[in-house]
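Engineer: My questions concern the predicted model and sequence given below.
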Amino acid sequence: MVYLDPKSDIAFKKLFGDITHKNILMSFLNSVLEREEGEMIVDVVMNDTHNVPETPLSKASIVDVRCTDQKNHQYIIEMQVMTQEDYAARAQYYSALALSRQLASGERYRNLVPVIFVGILDFNLFKGKHYLSHHLILDTETHEHELKHLEFHFIELKKFDKTLEQLTNILDTWIYIFINADTLEKVPQTFKEPVVHEAFDVLAQSNWSKKELEAYDRYLDGIRSYASQLDTAHNAGLREGIEKGLEEGVQREKREIARALLDVLDVETIAKKTGLSIDEIKQLKK
């Protein structure tokens with residue numbers, strides 16, 4: 001059996017952004033947020049179901065899933081593949097935007113609901129050694145958590161070094177899957193949870209359409225190509241100059257990604273996420 005990489009854009013969206021597999025998303029969130037009985041997320045509604053990731057050529061390689069739980073709390077779950085030094089600032093900025101956009105003109109602040117950000121990073125962001133960190137707004141003297149409308153949780157995959165035999169809980173299992181799924185040939189026998197087997201079914205290449213696989217391959221190729229170009233530029237001390245010289249190539253790659261998504265997404269969504277105009281997308285469709 002071949003399993004696809006859950007860190008990639010389309011695989012991430014299929015795994016966490018499909019309402020028919022909402023048990024996967026709820027299990028993951030409950031494990032990351034360390035929810036106990038009585039506080040568990042027991043239902044979610046997907047928001048912005050047509051949202052697709054920014055292209056790797058946007059220098060962000062970010063894909064997100066947004067949902068609302070049974071208490072109407074909003075969640076932003078992001079996968080960030082390539083290193084972004086100001087990612088923490090970005091997480092706060094977009095979470096604040098999500099909070100501010102809840103109110104229409106004339107509505108009261110009491111109608112605001114918490115925004116909970118979960119970032120899954122394929123690079124190290126913080127100095128600490130722990131792969132999971134929680135960031136809340138606390139009183140500096142009492143450590144009381146009374147400002148509850150924004151909270152942030154980060155998973156740094158590079159800091160996770162447990163082997164299969166060392167996994168002790170469902171969160172360990174999810175992180176192991178993120179890192180190793182595309183290298184496995186079968187589901188490990190120690191994975192007993194039905195929701196984990198459901199996740200492997202989603203990631204199984206045999207369950208993907210030809211168009212989805214083509215889009216998956218093009219996206220991964222774009223990320224690898226762009227990362228390689230940046231590494232070359234960095235090593236030669238010419239990053240800035242090469243990035244400018246790559247602008248024409250960036251536009252070509254955007255068109256290739258858009259072409260690969262034509263049978264998966266509508267014209268307006270592709271235009272919005274790639275930065276190409278609707279007319280350009282229509283020309284590609286012809």
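Structural biologist: Looks like it came in fine. On a predicted model such as this, the values are computed, not experimentally measured, just so you know.
Engineer: For residue 65, give me its contacts.
Structural biologist: Neighbour list for residue 65: 12, 13, 16, 17, 25, 46, 51, 76, 77 [criterion: Cβ atoms under 8 Å, 6 or more residues apart in numbering]. The way it works is simple: take the backbone N, C-alpha and C, and place the C-beta from them, glycine included.
Engineer: Just among the residues you listed, which is most surrounded?
Structural biologist: Of the contacts of residue 65, residue 16 is surrounded by the most neighbours, 27 neighbours in total, counting by other Cβ atoms under 10 Å.
Engineer: ok now do it, which residues does it touch?
Structural biologist: By Cβ under 8 Å, 6+ apart, the residues touching residue 16 are 24, 25, 28, 65, 77.
Engineer: what about the first one, which helix or strand?
Structural biologist: Okay, so that is residue 24. helix 22-32 (DSSP states H and E).
Engineer: Distance check, residue 67 against residue 202.
Structural biologist: Residue 67 sits 16 Å away from residue 202, going by Cβ to Cβ, to the nearest Å.
Engineer: Tell me which of these two has more neighbours.
Structural biologist: Neighbours of residue 67 and residue 202, each counted by other Cβ under 10 Å, are more numerous for residue 67; the result is 25 against 19.
Engineer: Torsion angles phi and psi at that one?
Structural biologist: Main-chain torsions, residue 67, degrees, to the nearest 10: phi -150, psi 170.
Engineer: Identify the residue nearest it in space, chain neighbours excluded?
Structural biologist: Excluding the flanking residues, the one nearest residue 67 by Cβ to Cβ, 6 or more residues apart in numbering is residue 44, at 4.4 Å.
Engineer: do residue 102 as well
Structural biologist: That would be residue 112: by Cβ to Cβ, 6+ apart, it lies 5.5 Å from residue 102.
Engineer: Next: residue 10.
Structural biologist: Spatial nearest neighbour of residue 10, excluding adjacent residues (Cβ to Cβ, 6+ apart): residue 216 at 5.0 Å.
Engineer: any chance you could map the helices in the stretch 1-150 of the chain?
Structural biologist: Counting by DSSP state H, counting those that start in this stretch, the stretch 1-150 of the chain has helices at residues 9-16, 22-32, 87-100.
Engineer: Most tightly packed of those helices?
Structural biologist: Between the helices of the stretch 1-150 of the chain, helix 9-16 has the highest mean count of neighbours, a mean of 24, where neighbours are mean count of other Cβ atoms under 10 Å.
Engineer: Just give me the longest strand of the chain.
Structural biologist: If you go by DSSP state E, the chain has its longest strand at strand 147-156.
Engineer: So what's the model's average confidence on that one?
Structural biologist: The average pLDDT for strand 147-156 rounds to 96.
Engineer: Check stretch 37-53 too.
Structural biologist: Per-residue scores along stretch 37-53 average to 75.
Engineer: Report the helix or strand with the lowest average pLDDT across this protein.
Structural biologist: Using mean pLDDT, DSSP states H and E, helix 239-245 stands out as the lowest-scoring helix or strand of the chain, at a mean of 57.
Engineer: Adjacent strands (with direction) for the longest strand of the chain?
Structural biologist: strand 115-121 (parallel), strand 132-137 (antiparallel) (DSSP bridges).
Engineer: Would you reformat those strands as JSON lines and include mean neighbour count?
Structural biologist: Putting those into JSON lines (neighbours: other Cβ atoms under 10 Å) gives the following:
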{"stretch": "strand 115-121", "mean neighbour count": "23"}
{"stretch": "strand 132-137", "mean neighbour count": "14"}
